[in-house]
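[1] need a 3D model of the following:
(4 chains)
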Amino acid sequence: MDFQLTDDQRALRDGTRELLAGRFGRERLRAAVDGPVLDRELWRELAAAGFFALRLPEADGGVGLGLPEAVLVLEEAGRALLPGPLVACQLLAGIVDGVATGERIVALADAPAAPADGPPHPAVTSAPVLWEHPADCDTLILLGGAQGADPVHEGREAGAYRSAAADVVRTPFASVDPLTPLARVTDIPRKIPLPLDVARVRREAALLTAAQQLGGAARTVDMAVTYAREREQFGAPIGSFQAVKHLCAQMLVRAEIARSAVYAAAVTEGVLDATAAKLLADEAAVRNARDCLQVHGGMGFTWEADVHLHLKRAWLRAEFWGGAGAAEEALAEGLIA
Amino acid sequence: MDFQLTDDQRALRDGTRELLAGRFGRERLRAAVDGPVLDRELWRELAAAGFFALRLPEADGGVGLGLPEAVLVLEEAGRALLPGPLVACQLLAGIVDGVATGERIVALADAPAAPADGPPHPAVTSAPVLWEHPADCDTLILLGGAQGADPVHEGREAGAYRSAAADVVRTPFASVDPLTPLARVTDIPRKIPLPLDVARVRREAALLTAAQQLGGAARTVDMAVTYAREREQFGAPIGSFQAVKHLCAQMLVRAEIARSAVYAAAVTEGVLDATAAKLLADEAAVRNARDCLQVHGGMGFTWEADVHLHLKRAWLRAEFWGGAGAAEEALAEGLIA
Amino acid sequence: MDLTYTEEEEAFRARLREWLAKVLPGLPAKPAAADWPARRAYDAAWQRMLYDAGYAGLHWPRDAGGQGATPTQHLIFLEETELAGAPYVGANFVGLLHAGPTIAAEGTPGQRARWLPPILRGDEIWCQGFSEPGAGSDLAALRTKAVRDGDSYVVTGSKIWTSHAEVADWCELLVRTDPEAPRHRGISWLALPMDAPGVTVRPLRTLAGSAEFAEMFLDEVRVPAGNRVGAQNDGWRVTMVTLAFERGTAFVGEVVACRRVLGALARTARANGRWDDAVLRRRLGRLSAEFTALWRLTQWNVSEAQSGGGVPGAGGSVFKLRYSHARQELYDAAAEVLGAGSLDADQEWVADRLSSLSYTIAAGTSQIQQNVIAERILGLPKGR
Amino acid sequence: MDLTYTEEEEAFRARLREWLAKVLPGLPAKPAAADWPARRAYDAAWQRMLYDAGYAGLHWPRDAGGQGATPTQHLIFLEETELAGAPYVGANFVGLLHAGPTIAAEGTPGQRARWLPPILRGDEIWCQGFSEPGAGSDLAALRTKAVRDGDSYVVTGSKIWTSHAEVADWCELLVRTDPEAPRHRGISWLALPMDAPGVTVRPLRTLAGSAEFAEMFLDEVRVPAGNRVGAQNDGWRVTMVTLAFERGTAFVGEVVACRRVLGALARTARANGRWDDAVLRRRLGRLSAEFTALWRLTQWNVSEAQSGGGVPGAGGSVFKLRYSHARQELYDAAAEVLGAGSLDADQEWVADRLSSLSYTIAAGTSQIQQNVIAERILGLPKGR
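    I've put the predicted structure just below:
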């Protein structure tokens, strides 16, 4: 057992951080906030750096790495607030042509199954199927979908379908996260089935989303600590006050607990491990962003500060690939299985 | 509207506090911990001071006061950790002979009804019926009881029954609260029905128990603050550290929120108000005792300190007359009623 | 302990209700959030209606042109206007609740005559220039300086979190007039005419995406010395008189509104199936207890103010600490009820969720409130 | 990142399992909690069995008589003994985990020869005399004084939270040898023979009703100067060497035990119907994530120790802060599962709930742990 990053993993993490700092620094971030259109050039550069082909075999032009490395890359993306359907492109490189090279941008939309113990409340069944960055994607992959009269959810048992973006009827709405445009999918053709291990894609999507949440949670610790060291109130840096210190300490603890859960799930590939990782990383990302805002005081409440971008992204990611309620139920079930 | 104590109410509160400080000071408290047998002489003195006859009409030898005054008295009893079936005797004075004068000690045992939406899980149905101070009571009043083969719960619809203590079969067990001996009632004769408004008794028992919890919550604030002012660590009173200050501040807030809920419920006599009061007072009592222990550090972990007595009593009271789950469900129901 | 209202109080409530029922249907549509001149006009018109009906300056003393109402009447007024969906105080907030009462308490007869009547009639709008970018919760660290030059002060510095600055006529401004004095001693209170040369207002966008606040830059702005209320360097005390003025009624309307939102959440959850989630349902039940208790605490604080007891402002810290947290919990619960709908920024509750984030920060962070409670109410030693 | 164990590690685990399966069924019944001599005998016998089987001082260096095992092997040992229900380290705790390692690291050859072998064989029991009633979390504020008198120190003062004092042969004692020096500088480390004249031990009852700890009073107790380990006035550094010794394994057995309890809670809830309460069920599910993550964090910290990286002790604060809170939540959840049964003090989980209350206090309160994390890991300024 050696549950630490290998030298190669450290190098990958540091290299990714450096790449993102150079290609998606603060100015680019704020430009993306003002005009949330994906930068195709940047996307191809990410692809060239191996962002999407990371786990493809070297024989297929990939990097030949595994889930732990994908987690490290997505964690860095989360730190940097990098927008775009990164998880989808990571998971579908090698399955959908052109994704690995960044030529094609693909999104995943999830129409989750009804709970095992019977159909849920009818109103819940028709929860909207969401699509991130609808205007920027070339292709949409729909996972599952509940059976019934609802055209979006119909045919859940059939697995996954691939559609050209233009063929998907959707209703864009004002996304709470200025970096992530969203639409509700209202009709989708089910013409091209995609041979996909849907359960595995869901599990890995949850884990990679958790990795982004972890990155956000860790980044907001840094932001809070930096601000607390610099900002003075009542004649001293606010970081010298216990109230602020203890907020920061709890933030670090949340991030580190989430980190051990996320990294372990990447190694074990267990479904309950991924579920637990998502639960803890969601909580760490949301609560750390809230506490980071509190440490920043009034400054954190401004649009110009980046704190709100982390909070809004954390809220958004928490809505995807399984929320707290479903995760806790699954983990409870696991206790008596 | 004048939602403040009247001068008479203030005098009643101060007088009660003084009486208890004189007749049940720290030495008596610790003696009761070592030998938890009710002091019949003290009981008669409490009766003589009007503890139990408080709400009986003056024509019947009572004090002619109302529920708000009963709440104030029970709050003081909670502050002082006064043991005994005070709530039962308060509610049954005038109904059971000798209780008003302190000659007879009566207890209430509750066999709560099944939830409205059908029979609960069979195992839950047979939750034990608890009896406080079984060895010290002359009479036990059983409220309700679920229908079925179980001899204790049988005949719930019939209301209340009165039994001589000696006729009740019970199994004493080691109470977590050293001041409150407990037994499980395993068989009870249902020979003497008692004409009682069971719903009202339950509601008032919940409220008066909440009043005791409020007293405990307020007392632990005082204890924490006193200790934090005196105890020095790292060269300063620990109360000068923000971490300790903020614990104490949150304790006060919990007590004051509970206070407004408890006092308001005493005035309105509404069932949801009493439910909310119990919920908030339970939480204030338990969490304040926990925080008080944390402020006391290692000293709070000793048997000699009184902190644990408050925590254990708070736990105990929270188990009686409706727990958090049932209260929250009832309040939720109230939102859509 | 009495929660029933007196006959006079009920009569006051009945008259108010009747008046509201009569006038509210005739009000024009609410202006758009970004249209400041229209908002000013709307708020001013409502204030004029209150004035004409005898409700302007309800809690102001009579000799300042107010109605001299009791705190309980003020509570009833705030409760009823909220329940009836009447306009908020809006642009008149600073004038009616801070600047006006300060002038009433500390101004000269001339100052009172000049400034109070236009506030009551809705003719003049005030904004507040207290906070500074470098000061935050440490209000007394303000650095905007005013140098006496003949009959004027020359003011230079910047202010932040100034609401309605774009449309205000006056700003109640705190400035440092003695840089050598201890922090609280060298401050003065000035009425700044917003059209004075050297005043620049820049909208400040919040994380909610809106520009409810502004920054204000003051570049050698000349303010007549006669605009100073209170003595030179006595501005801190003058200001604190204002801040203690509300006597427990600060959040009456908001608590009423939160209870309404909570009921709407429950009904929405019933309609969309989320009610079947026991965790969410119990959370809403818990919030019901919470907001009912906050309402009772409000009545408690108002009654205490009415009887003249209590430590002014201290009970307010207890309320504010708990309420600001409860409000955030309410809108977190709203997000649970909305599910994926909580990602829709156009949803009213989502916007309110965002603005609720400021509650544990603005007007004294929760950390500061806890210090206040620990030191002023519980008597714990100052220090660390 | 590798969570699979090496062949050597798996072989170590297999041998240990085999041995445990062989010897555990033959153990006598556990003695009563209040019977200290019987507990000492029981724990000593178990230690002797470990010694004979080559598991004594597993993580001690070989030149001190230990097995020189890796942190991972130590983790496996603690995991497997807990899973198998083997006896706890009990009375040998201080000897094996604090006093012994200190002597191994800082003692003279003679001191090592005198004290280490009896610890490994279970022949001599040590207790710890660090905490004092007046010091609490501020360990360096200790006031027990030792005055040099010829070849001895004369020690006067009192200690608290001393476990196994009734049956210990030795006490690792921190004393102040220079009252003039700065707090951390005037402290020395002494091995106190518990049978020395002037030593009085008084059981200390905790809120759980038991007497797991004692107070120790020292009245002019003479301790030979040769019993001092390390230089005079260097005792603080000597002690810190000990405290960093465990390298992440301090709570291995407890986390394994907590996960077992959590499973038992779920099964009990299923049996008694409380499982139908979604709030409780989800709480248990949440705790499952929590304790699994704490187990992974343990593996992370142990791996970090094995590779020699990290800030010793700092990761431990992160773990301890979260674990102590999670343990309290676990037993609060147990009370929910038990319902009215949570009022029965004889119920095992109720006793464990009571003892869990010390976790956020003992060995550095949660407040102190947060300071450590903020200052040593995050680099926030000391001060307030």
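[2] so where is the stretch 101-250 of chain C shaky, pLDDT-wise?
    Along the stretch 101-250 of chain C, the parts satisfying pLDDT under 70 run over C:243-247.
[3] can you map out the helices along it?
    Taking DSSP state H, counting those that start in this stretch as the criterion, the stretch 101-250 of chain C contains helices spanning C:109-121, C:235-243.
[4] what residues does the stretch 151-300 of chain A have near chain B?
    A:241-243, A:246 (CB under 8 Å from any CB of the partner chain). The C-beta positions use only the backbone N, C-alpha and C, and glycine is treated the same way.
[5] count of residues packed around the residue in chain A positioned nearest to chain B?
    Residue of chain A nearest chain B, by CB to the nearest CB: A:Gln242 (3.9 Å). When neighbours are counted by other CB atoms under 10 Å in any protein chain shown, A:Gln242 registers 23.
[6] how about the nearest residue to it, chain neighbours excluded?
    Leaving aside its sequence neighbours, A:Gln242 sits nearest to B:Gln242 (CB to CB, 6 or more residues apart in numbering or on different chains; 3.9 Å).
[7] cool, and C:Leu190?
    Distances taken as CB to CB, 6+ apart place C:Leu173 nearest to C:Leu190, at 4.7 Å, with adjacent residues excluded.
[8] so what pairs up with the one you found in the strands?
    Judged by DSSP bridges, the bridge partners of C:Leu173 are C:Gly129, C:Leu190.
[9] my read is that it contacts C:Pro193, right?
    No - the pair C:Leu173 and C:Pro193 fails to qualify as a contact (CB atoms under 8 Å) at a distance of 10.3 Å.
[10] tell me which of the two has more neighbours.
    Taking neighbours as other CB under 10 Å, C:Leu173 and C:Pro193 compare with C:Leu173 leading, 30 against 16.
[11] would you point out which residue is most central in chain A?
    Centrality entry for chain A: nearest residue to the mean C-alpha point is A:Thr209, 3.1 Å, by CA atoms, centre = their mean.
[12] distance of it relative to chain C?
    As judged by CB to the nearest CB, to the nearest Å, A:Thr209 and chain C stand 14 Å apart.
[13] follow-up on the earlier one: which pLDDT does the model give the residue of chain A closest to chain B?
    Note for A:Gln242: predicted pLDDT of 96.
[14] ok, the residue of chain C found nearest chain A - how many residues close by?
    Nearest residue of chain C to chain A: C:Gly273, at 3.0 Å (CB to the nearest CB). Counted by other CB under 10 Å, the residues lying close to C:Gly273 total 17.
[15] repeat that for C:Leu83.
    The number of residues packed near C:Leu83 is 14, by other CB under 10 Å.
[16] just the strands in the chain please.
    Just so you know, I chose chain A. Secondary structure of chain A (DSSP state E): strands at A:106-111, A:129-132, A:139-144, A:160-164, A:169-173, A:182-187, A:192-194, A:232-233, A:236-237.
[17] hmm, no, I was thinking of chain C.
    Under DSSP E, chain C gives strands at C:126-129, C:145-149, C:152-163, C:170-176, C:187-193, C:199-204, C:213-224, C:228-229.
[18] single out the most deeply packed of the ones you listed.
    strand C:126-129 (a mean of 28; mean count of other CB atoms under 10 Å in any protein chain shown).
[19] what is it packed up against?
    When contacts are defined as 3 or more CB pairs under 8 Å, 6 or more residues apart in numbering or on different chains; DSSP states H and E, strand C:126-129 packs onto helix C:93-94, strand C:152-163, strand C:170-176.
[20] surely C:Pro197 touches C:Val155?
    No - using CB under 8 Å, C:Pro197 makes no contact with C:Val155, being 11.5 Å away.
[21] joint contacts of these two?
    Residues touching both C:Pro197 and C:Val155 by CB atoms under 8 Å, 6 or more residues apart in numbering or on different chains: C:221-222.
[22] roughly how far does C:Arg267 sit from B:Ile336?
    Distance of C:Arg267 to B:Ile336, given as CB to CB, to the nearest Å: 6 Å.
[23] over to C:Gln47?
    37 Å.
[24] more neighbours: those two, which one.
    Shown here are C:Gln47 and B:Ile336; by other CB under 10 Å, C:Gln47 has more neighbours (26 against 13).
[25] give the contact list for the more buried one.
    C:56, C:92, C:96, C:120-122.
[26] most surrounded residue in those?
    Counting neighbours by other CB under 10 Å, C:Asn92 leads the contacts of C:Gln47 with 25 neighbours.
[27] what's the domain layout of chain C?
    Under the assignment automatic domain parsing, the domains of chain C span C:7-121, C:126-233, C:251-377.
[28] turn the ones you listed into TSV, columns for distance to B:Arg317.
    Below are those laid out as TSV (distance: least, CB to CB, whole Å):
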stretch	distance to B:Arg317
domain C:7-121	33
domain C:126-233	39
domain C:251-377	17
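[29] and the ones you listed: which comes nearest D:Val23?
    Taking CB to CB as the criterion, domain C:251-377 is the member of those that comes nearest to D:Val23, at 46.9 Å.
[30] is chain D contacted by the closest one?
    Yes - residues of domain C:251-377 contacting chain D under CB under 8 Å from any CB: C:277-279, C:282.
[31] do me a favour and get the end-to-end distance for that domain?
    21 Å (CA to CA, to the nearest Å).
[32] and what of stretch C:159-168?
    Span of stretch C:159-168 from end to end, CA to CA: 14 Å.
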